[in-house]
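Asker: Just the structure for this:
(one chain, ligands or ions: 2)
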Amino acid sequence: DSNDVTEVSNFTKATYAEPNKAYFGKAKGMNVIYVHLESFQNFLINYKLNGQEVTPFLNSLTRDQNTLYFDNFYHQTGQGKTSDAEFMLENSMFGLPQGSVFSTKGQNTLQAAPAILGQRGYTSAVFHGNYKTFWNRDEIYKSIGFDHFFDASYYDMNSKDVVNYGLKDKPFFKESIPMLESLKQPFYTKFITLSNHFPYPIEDSEATIGPATTGDGSVDRYFQTARYLDESVKGFFDYLKKSGLYDNSVIVLYGDHYGISENHNKAMSQILGKEITPLDNANLQKVPLYIRVPGMNGGIQHQYGGEIDVLPTLLHLLGIDTEDYIQFGTDLMSKEHSPVVPFRNGDYVSPTTASINDKYYNMQTGERIEANDETKRYSEIAQKRLNLSDKVVYGDLLRFYEPKGFKPVDRSKYNYNHDED
Ligand code: GP9
Ligand code: MN
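Answerer: Ligands and ions are numbered 1, 2, ... in the order given. Coordinates of the predicted model:
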């Protein structure tokens, strides 16, 4: 009830991290373009397979002068995979310890990015080459406040352009362009890619790099579908540059979750040339995060963070303060950003220590350590953030909370029925 939500809002206000003045408002009024990089792990960045860069375009973006690239950024998804990543990025609340919050809590009251921005004149849309009911998107997107959802029914799903879960990324971006151009600016948009998805099927004619040779087929093909994704994103960027959108849009790219699970550690140890320890496993949960803002000073960022932190970071860049919102992450660029990155199971990593499966590590040396004051304190912080987030989601507590100046989302105003549009 409202007592519970007061406990939560006291916590998020106490842990709020003030915006960094050098970045606050740097993207004010700009369009927002998210590119969801399916199953894309950070080890791919700058990795060379047989002497060749796997993802030359995404590698080059780490050196772009207007781009922040975060190289200690972790996914925090659970069983909800893609949908958990989406939930965290739209809300700065965690997915659930079991199941998918998208599938089970689609009717919850939310105060998500599309609604916050929609009330400031933004039009919002999701583009995705799979059908709208997958992960219950067509329900929860109403609570999130997405104005438009261009799902597979908007695309040419001919059999040569479709593989695995849906439309291949190259035709996906290409066919998205006229729909993107139909939106009133400023817009808040998300492009959810699909081709780099387990078990990473790809036709020889579309593979522009040879497979790895571990003998584990999905690991071996992962590099080929990652290359295909890299080329797809480059093509989309070429369009953005040509159209001028590049100069008035924030572009955020993120890997949603791991692509290669621990079941493939034998092949991964061949790829990385070393035995995979539990701490290596945790670090393999790093995914890339890029934030490009025209005119902003970019650079490689080493601070630790995770998917929960993206929304406050973005809102502060857009010049919107987050203090009054219930959000469980903190602005990555704030001097008060929390160094503790909780995983969904209660483990955590930080720049100094990590807790993995009830064992503790020195993050710098990789050595096992005994529990100490910091590991106890950081474990408590991680657990507290997860528990309070769960309390909000299970109790649908945002029903009882109204951020200053925020109008509740009216779900009945949204529908994604293509034919009735
Ligand atoms: C499905 C796609 C994949 O539409 O987003 O979801 P995942 O299997 O990665 O959770
Ligand atoms: Mn996914």
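Asker: Going by C-alpha atoms from here, please, whenever you check contacts or count neighbours.
Answerer: Will do.
Asker: residue in the stretch 201-350 of the chain nearest to ligand 2?
Answerer: Proximity to ligand 2, evaluated over the stretch 201-350 of the chain using Cα to the ion, is greatest for residue 256 at 5.7 Å.
Asker: Could you report the distance from that residue to ligand 1?
Answerer: Here the distance between residue 256 and ligand 1 works out to 8 Å (Cα to the nearest ligand atom, to the nearest Å).
Asker: Quick check: phi and psi on that residue?
Answerer: Residue 256 has phi and psi values of phi -80, psi -40 when expressed as degrees, to the nearest 10.
Asker: Give me the local confidence score for it.
Answerer: Note for residue 256: predicted pLDDT of 99.
Asker: near ligand 1, which residues of this structure?
Answerer: If contact is defined as Cα under 6 Å from any ligand atom, the residues of the chain in contact with ligand 1 are 81, 82, 83, 130, 134.
Asker: Would you confirm that the fourth one contacts residue 164?
Answerer: Right, the one you point to is residue 130. No. The pair formed by residue 130 and residue 164 falls short of the contact definition of Cα atoms under 8 Å, at 9.9 Å.
Asker: now the residue of the stretch 201-350 of the chain closest to ligand 2: how far from residue 418?
Answerer: Distance from residue 256 to residue 418, counting by Cα to Cα, to the nearest Å: 27 Å.
Asker: ok, now residue 215?
Answerer: When distance is defined by Cα to Cα, residue 215 is 44 Å away from residue 418.
Asker: what does residue 231 give?
Answerer: Distance of residue 231 to residue 418, computed by Cα to Cα: 30 Å.
Asker: Neighbour count: the two, which is higher?
Answerer: residue 231 (19 against 12; other Cα atoms under 10 Å).
Asker: returning to that earlier point: any idea how many residues pack against the residue of the stretch 201-350 of the chain closest to ligand 2?
Answerer: One way to gauge burial is a neighbour count; for residue 256, by other Cα under 10 Å, it gives 30.
Asker: Next up, the contacts around it.
Answerer: Contacts of residue 256 were listed using Cα atoms under 8 Å, 6 or more residues apart in numbering, and they are 36, 37, 38, 39, 40, 75, 77, 81, 82, 85, 86, 287.
Asker: before we move on, the earlier item: in TSV, list the residues of the chain next to ligand 1 along with secondary structure.
Answerer: Shown next, in TSV, are those (DSSP: H, G, I helix; E, B strand; the rest coil):
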residue	secondary structure
81	helix
82	helix
83	helix
130	coil
134	helix
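Asker: Give me the buried subset of those.
Answerer: Those of the residues of the chain next to ligand 1 that meet the buried threshold are 81, 82, 83, 130, by 16 or more other Cα atoms under 10 Å.
Asker: Out of the residues you listed, which comes closest to residue 379?
Answerer: Within these, proximity to residue 379 (Cα to Cα) peaks at residue 81, which comes in at 23.1 Å.
Asker: isn't the closest one right up against residue 255?
Answerer: No. Look at residue 81 against residue 255 with Cα under 8 Å: they stay out of range, at 11.1 Å.
Asker: Would you mind listing the buried residues in the longest helix along the chain?
Answerer: Of all the segments of type helix in the chain, defined by DSSP state H, the longest one is helix 217-243. Of the residues in helix 217-243, those with enough neighbours to count as buried (16+ other Cα under 10 Å) are 218-237, 239-240.
Asker: mean confidence for that helix?
Answerer: If you average the pLDDT values across helix 217-243, you get 99.
Asker: Off-centre distance for that helix?
Answerer: 17 Å (Cα atoms, centre = their mean, to the nearest Å).
Asker: again, but for stretch 11-18
Answerer: For stretch 11-18 - counting by Cα atoms, centre = their mean - the centre lies 22 Å from the chain centre.
Asker: Buried residues, that stretch. List them.
Answerer: When neighbours are counted by 16+ other Cα under 10 Å, the buried residues of stretch 11-18 are found to be 11, 12, 13, 15, 16, 17, 18.
Asker: Columns pLDDT on top of those, output as a markdown table?
Answerer: Rendered in a markdown table, the data for the buried residues of stretch 11-18 read as follows (pLDDT from 0 to 100):
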| residue | pLDDT |
| --- | --- |
| 11 | 98 |
| 12 | 98 |
| 13 | 98 |
| 15 | 98 |
| 16 | 98 |
| 17 | 98 |
| 18 | 98 |
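Asker: Tell me the one among the residues you listed nearest to ligand 2.
Answerer: For ligand 2, the closest of those turns out to be residue 12, at 28.2 Å, with distances computed as Cα to the ion.
Asker: tell me which element that closest one falls in.
Answerer: helix 2-15 (DSSP states H and E).
Asker: what's the answer for residue 330, then?
Answerer: With DSSP H and E as the criterion, residue 330 is inside neither a helix nor a strand.
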